[in-house]
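Visitor: missing the sequence, but the structure's below:
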């Protein structure tokens with residue numbers, strides 16, 4: 001990959017929100033280094049959104065830590081393998097001891113963990129501002145903050161434990177095309193294992209600013225050409241595809257519903273278009289909010305290019321809109337200047353481009369849409385994975401809705417013990433081990449309130465309108481009308497997958 005002096009000062013200046021500028025840090029940035037440190041792959045500031053105790057200030061958390069030696073806060077934790085549901089300390093879940101330790105860095109074995117903490121301390125205020133703005137229905141970000149958020153989400157996906165040993169394993173069938181490139185890269189950089197290469201690439205992403213990585217990608221395309229890069233997996237190209245192939249959207253759970261968190265719910269892929277995966281990439285950041293990256297095919301100007309029948313997804317009707325870009329100069333930044341066309345990378349890294357703003361309209365989901373998104377998350381739970389939620393009653397409703405639909409089998413078997421735990425805990429006396437029920441073979445065009453009620457009873461789902469019940473019944477009985485939530489595959493090279501290249505406004 002190209003080597004260059006990283007513009008870290010630019011990232012620090014442009015990536016901070018007002019809160020970060022005042023010098024405030026998260027607890028995640030001040031971890032005492034130890035030889036076998038428990039290192040989270042899901043940030044603790046995100047886990048605290050799911051904690052069972054009332055929220056605590058940073059000062060209160062630090063005071064309790066000094067008194068007890070344990071970071072405060074606990075979450076509901078369902079262990080799929082052991083079928084156990086309990087409450088565990090945030091400091092002991094969703095992490096692996098020493099996962100980011102670089103044994104070759106004798107001066108500071110935990111340097112990468114500290115770099116991750118520094119990135120989290122910049123991203124946390126942005127996500128906190130988003131939660132504060134949720135009632136307004138819109139959220140505005142400066143370009144620097146948006147780029148930092150994009151980088152944070154990408155690294156949250158890449159840093160997952162499953163990718164540490166899988167992303168660059170040369171004997172994996174998924175890496176067959178890239179095998180020669182991986183072997184050459186490892187030899188040229190003195191890398192001895194797939195895990196070492198994963199850490200090497202993680203360092204590259206952490207050291208480079210958003211614009212630096214995109215500039216590296218531009219230079220690689222100029223050097224090798226698009227076709228020449230097909231069998232290579234340069235990290236910069238992976239990041240460029242992630243930025244160019246998607247637009248960022250913000251989804252809010254329906255009133256009375258909540259999103260759920262799992263061991264792999266950052267970057268989950270959902271949906272297909274003509275066999276090409278990844279219409280959506282899902283990042284659950286709290287019970288209220290999920291950030292969803294939508295494929296460029298779903299942009300308003302591109303929707304006419306593909307027949308809707310070629311798009312298979314259970315999330316299409318959410319219909320989020322891309323952010324509205326507000327240029328500092330009021331005219332649009334990528335334009336001819338003294339006869340020269342200003343490139344996107346050059347403009348976005350300029351002082352003028354850095355002051356542009358992006359206005360996001362927050363997509364408010366219906367109850368059914370919220371349950372559909374949660375179903376995607378549940379469909380991707382592994383038999384060795386885990387699950388966290390905020391409210392037991394809402395989790396029970398979500399699990400029952402997921403279990404009730406036949407196309408979620410056999411994945412829904414994994415939540416049967418969870419349903420039993422939640423039901424017993426609430427003392428409802430309702431049988432948790434219900435078999436999925438199918439809808440009638442024929443569904444009338446219009447349904448009465450009684451029909452809607454019967455559908456609710458049969459499926460365990462709560463529908464807001466007769467139309468929603470009608471659509472659900474059709475989905476269950478018309479083959480192809482509803483696509484099983486796309487099951488994500490883990491450990492792909494550098495977190496990459498074949499995508500549809502389209503510049504969508506960095």
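Guide: Yes, it's here. Being a predicted model, the structure only gives us computed values, none of them experimental.

Visitor: Low-confidence stretches in the stretch 301-450 of the chain?
Guide: For the stretch 301-450 of the chain, applying pLDDT under 70 flags the ranges 306, 308, 330-345, 349-352, 427-450.

Visitor: Strands of that one, residue ranges please.
Guide: Listed in chain order, the strands of the stretch 301-450 of the chain (DSSP state E, counting those that start in this stretch) span residues 311-312, 324-326, 336-337, 340-341, 357-361, 363-364, 386-388.

Visitor: Tell me which of the ones you listed approaches residue 96 most closely.
Guide: When the strands of the stretch 301-450 of the chain are compared by Cβ to Cβ, strand 386-388 sits nearest residue 96, at 12.5 Å. Placement of C-beta: from N, CA and C, glycine included.

Visitor: so residue 356 makes contact with residue 324?
Guide: No - between residue 356 and residue 324 no contact is recorded; they are 10.9 Å apart, counting by Cβ atoms under 8 Å.

Visitor: rewinding a little: adding distance to residue 150 and mean neighbour count, write the strands of the stretch 301-450 of the chain out as TSV.
Guide: What follows is the strands of the stretch 301-450 of the chain, written out as TSV (distance: least, Cβ to Cβ, whole Å; neighbours: other Cβ atoms under 10 Å):
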stretch	distance to residue 150	mean neighbour count
strand 311-312	24	19
strand 324-326	14	13
strand 336-337	26	9
strand 340-341	24	9
strand 357-361	11	17
strand 363-364	18	17
strand 386-388	25	22
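
Visitor: Would you reformat those as a markdown table and include distance to residue 167?
Guide: Shown next, in a markdown table, are the strands of the stretch 301-450 of the chain (distance: least, Cβ to Cβ, whole Å):
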| stretch | distance to residue 167 |
| --- | --- |
| strand 311-312 | 27 |
| strand 324-326 | 33 |
| strand 336-337 | 41 |
| strand 340-341 | 36 |
| strand 357-361 | 30 |
| strand 363-364 | 31 |
| strand 386-388 | 21 |
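
Visitor: Ok, which of these comes nearest residue 199?
Guide: Proximity to residue 199, assessed across those by Cβ to Cβ, is greatest for strand 386-388 (23.9 Å).

Visitor: helices or strands up against the closest one?
Guide: Applying 3 or more Cβ pairs under 8 Å, 6 or more residues apart in numbering; DSSP states H and E, one finds that strand 386-388 makes contact with strand 74-79, strand 261-262.

Visitor: Note down every partner strand of that strand and its orientation.
Guide: Applying DSSP bridges to the sheet, strand 386-388 is found paired with strand 74-79 (antiparallel), strand 261-262 (antiparallel).

Visitor: Helix or strand next in line after the longest one, which one?
Guide: Once strand 74-79 ends, the next helix or strand along the chain (criterion: DSSP states H and E) is strand 84-89.

Visitor: which helices and strands sit right next to that next one?
Guide: Using 3+ Cβ pairs under 8 Å, 6+ apart, the elements in contact with strand 84-89 are strand 74-79, helix 416-426.

Visitor: ok and the shortest one relative to helix 416-426, angle-wise?
Guide: Inter-element angle recorded for strand 74-79 and helix 416-426: 140 degrees (by axes from the mean of the first three to the mean of the last three Cα atoms, to 10 degrees).

Visitor: Return the distance of strand 74-79 from the chain's centre.
Guide: The gap between the average C-alpha position of strand 74-79 and the chain average comes to 20 Å, counting by Cα atoms, centre = their mean, to the nearest Å.

Visitor: shaky segments in this protein?
Guide: Along the chain, segments meeting pLDDT under 70 span 1-35, 306, 308, 330-345, 349-352, 427-506.

Visitor: how much space between the closest residue to residue 355 other than its chain neighbours and residue 347?
Guide: For residue 355, ignoring the flanking residues on the chain, the nearest one in space by Cβ to Cβ, 6 or more residues apart in numbering is residue 328 at 4.3 Å. Applying Cβ to Cβ, to the nearest Å, one obtains 11 Å for the distance of residue 328 from residue 347.

Visitor: got it, and residue 99?
Guide: The separation that residue 99 has from residue 347, given Cβ to Cβ, amounts to 38 Å.

Visitor: again with residue 399
Guide: 47 Å.

Visitor: what about the strands in the stretch 51-200 of the chain?
Guide: Listed in chain order (using DSSP E, counting those that start in this stretch), the strands of the stretch 51-200 of the chain are 74-79, 84-89, 95-97, 138-142.

Visitor: What is the neighbour count of the nearest residue to residue 372 once chain neighbours are set aside?
Guide: Beyond its immediate neighbours in the sequence, the residue positioned closest to residue 372 (Cβ to Cβ, 6+ apart) is residue 314, lying 4.8 Å away. Here the count is done by other Cβ atoms under 10 Å, and residue 314 has 24 residues near it.

Visitor: Is it correct that residue 314 is in contact with residue 370?
Guide: No - contact criterion Cβ under 8 Å: residue 314 and residue 370 do not qualify, at 11.9 Å.

Visitor: Next, count neighbours for residue 405.
Guide: Close neighbours of residue 405, defined as other Cβ under 10 Å, add up to 23.

Visitor: Of the strands of the stretch 301-450 of the chain, which is nearest residue 192?
Guide: Evaluated with Cβ to Cβ, the strands of the stretch 301-450 of the chain place strand 386-388 nearest to residue 192, the distance being 31.1 Å.

Visitor: Just the buried residues of the host helix or strand of residue 225, please?
Guide: Residue 225 belongs to helix 210-228 when elements are defined using DSSP H and E. In terms of neighbour count (16 or more other Cβ atoms under 10 Å), helix 210-228 has its buried residues at 210, 211, 212, 213, 214, 215, 216, 217, 218, 220, 221.

Visitor: which one among those residues gets closest to residue 418?
Guide: Of all the buried residues of helix 210-228, residue 210 has the smallest distance to residue 418: 38.6 Å, by Cβ to Cβ.

Visitor: who's in contact with the closest one?
Guide: Residue 210 is in contact with 11, 147, 148, 150, 151, 243, counting by Cβ atoms under 8 Å, 6 or more residues apart in numbering.

Visitor: Going by how many neighbours each has, rank residue 328 and residue 347 and give me the top one.
Guide: Summary of the neighbour comparison: residue 328 and residue 347, criterion other Cβ under 10 Å, with residue 347 having more neighbours (21 against 15).

Visitor: Figure out the length between the terminal residues of stretch 154-163.
Guide: 13 Å (Cα to Cα, to the nearest Å).

Visitor: For the chain, which helix extends over the most residues?
Guide: If each helix of the chain is counted by residues according to DSSP state H, the longest one is helix 111-132.

Visitor: So what's the gap between that one and the chain middle?
Guide: Taking the mean C-alpha point of helix 111-132 and that of its whole chain, the gap between them comes to 15 Å (Cα atoms, centre = their mean).

Visitor: Could you verify my assumption that residue 113 touches residue 37?
Guide: Yes - Residue 113 sits in contact with residue 37 when judged by Cβ under 8 Å, with a separation of 6.8 Å.

Visitor: For the two, indicate the residue with more neighbours.
Guide: More neighbours surround residue 113 than the other of residue 113 and residue 37, with 21 against 17 (other Cβ under 10 Å).

Visitor: quick one: contacts for the residue lying closest to residue 133 once chain neighbours are set aside?
Guide: The spatial neighbour of residue 133 that comes closest, neighbours along the chain excluded (Cβ to Cβ, 6+ apart), is residue 139 at 4.6 Å. Contact criterion Cβ under 8 Å, 6+ apart gives 129, 130, 133, 250, 359, 360, 362 as the residues in contact with residue 139.
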